[in-house]
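Chemist: here is a sequence together with a model predicted from it:
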Amino acid sequence: MGSPWAFAVVALVVTLTPGPATATILRVAARDGRRAALSATVGNSIGVLTWGALSALGVSSLILASRLAYDGLRLGGAALLVVLGIRSLLGHGSTAEVRPRTRRRAGLRTGIVGSLSNPKLAVFFVALFPQFLQGGAPVLPYALGMASTIVLLDLLWFTALAYTVDRAQAVLRPRVRRRLERLTGAVMVGIGARLAAEMS
């Protein structure tokens with residue numbers, strides 16, 4: 001069985017590896033600012049904790065065992081990424097005049113939906129959770145503890161990303177900010193397309 005330190009290292013690598021969550025946070029930060037991106041980070045964390053609980057209850061394993069369920073989750077997550085990416089590329093849904101509270105709520109929803117529709121989290125918990133489960137340990141608290149480790153690392157990393165993008169936005173010209181938003185949109189479309197094309 002793996003040690004807690006070993007799991008922390010694995011969780012750190014997973015957090016720092018660019019993926020759907022990173023693209024989502026960057027996109028929200030570029031469009032709606034730091035506070036909305038922080039709300040998206042909280043939403044992503046809620047999704048991670050949910051997947052941790054589902055893995056302990058065996059739901060994640062059931063999803064992976066069913067080709068139809070896994071493909072549905074995979075294609076749904078891919079579609080979400082592509083739609084959000086295209087909206088950024090086209091400049092649709094600009095939130096410049098939207099109230100900050102509304103933007104934060106939208107960020108939270110985006111984070112939650114993006115995290116729950118990410119099949120990689122199901123694979124992560126199902127593949128790695130048994131390797132780090134100590135014999136005789138209560139499954140649900142242990143799973144939530146491991147998920148909390150990921151959440152802590154995510155919060156630190158994504159918060160740093162949100163602040164970096166927000167500070168860059170403050171000093172860049174509108175044309176450059178628009179290009180940054182388009183870049184994050186293109187990244188999301190690319191990740192979504194790759195996710196859709198993957199074989200389960």
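Modeler: Nice, thanks for sending it over. Residues are numbered from 1 along each chain as shown.

Chemist: list the helices and strands the helix or strand hosting residue 14 packs on?
Modeler: Assigned by DSSP states H and E, residue 14 belongs to helix 4-16. Helix 4-16 sits against helix 119-132, helix 139-171, with contacts defined as 3 or more C-beta pairs under 8 Å, 6 or more residues apart in numbering; DSSP states H and E. Using the backbone N, CA and C atoms, a C-beta is placed for each residue, glycine as well.

Chemist: if I look at the residue nearest to residue 77 when sequence neighbours are not counted, how far off is residue 78?
Modeler: Excluding its sequence neighbours, the residue lying closest to residue 77 (C-beta to C-beta, 6 or more residues apart in numbering) is residue 117, at 3.7 Å. Counting by C-beta to C-beta, to the nearest Å, the separation of residue 117 from residue 78 is 9 Å.

Chemist: so what pLDDT did residue 38 get?
Modeler: Note on residue 38: pLDDT of 94.

Chemist: over to the one 5 residues further on?
Modeler: pLDDT recorded at residue 43 is 94.

Chemist: give the contact list for the closest residue to it other than its chain neighbours.
Modeler: Among residues not flanking residue 43 along the chain, residue 111 sits closest, at 2.4 Å (C-beta to C-beta, 6+ apart). Listed by C-beta atoms under 8 Å, 6 or more residues apart in numbering, the contact set of residue 111 reads 24-25, 28, 39-47.

Chemist: out of those residues, which are buried?
Modeler: The neighbour count (16 or more other C-beta atoms under 10 Å) marks 24-25, 28, 39-45, 47 as buried among the contacts of residue 111.

Chemist: now, those residues that are in helices?
Modeler: Judged by DSSP state H, these include 24-25, 28, 39-45, 47 as members of helices.

Chemist: got the CA coordinates for stretch 121-129 in CSV?
Modeler: Taking C-alpha atoms only, stretch 121-129 is exported to CSV below (Å, rounded to 0.1, in the frame of the first residue of the first chain):
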residue,chain,number,x,y,z
LEU,A,121,-11.4,12.1,-12.1
ALA,A,122,-13.4,8.8,-12.0
VAL,A,123,-10.4,7.0,-13.6
PHE,A,124,-8.0,8.7,-11.1
PHE,A,125,-9.9,7.6,-8.0
VAL,A,126,-10.7,4.1,-9.2
ALA,A,127,-7.2,3.4,-10.4
LEU,A,128,-5.3,5.0,-7.5
PHE,A,129,-7.6,4.8,-4.5
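
Chemist: buried sites along it?
Modeler: By neighbour count with 16+ other C-beta under 10 Å, stretch 121-129 contains the buried residues 121-126, 128-129.

Chemist: what's the average pLDDT for it?
Modeler: The average pLDDT within stretch 121-129 is 74.
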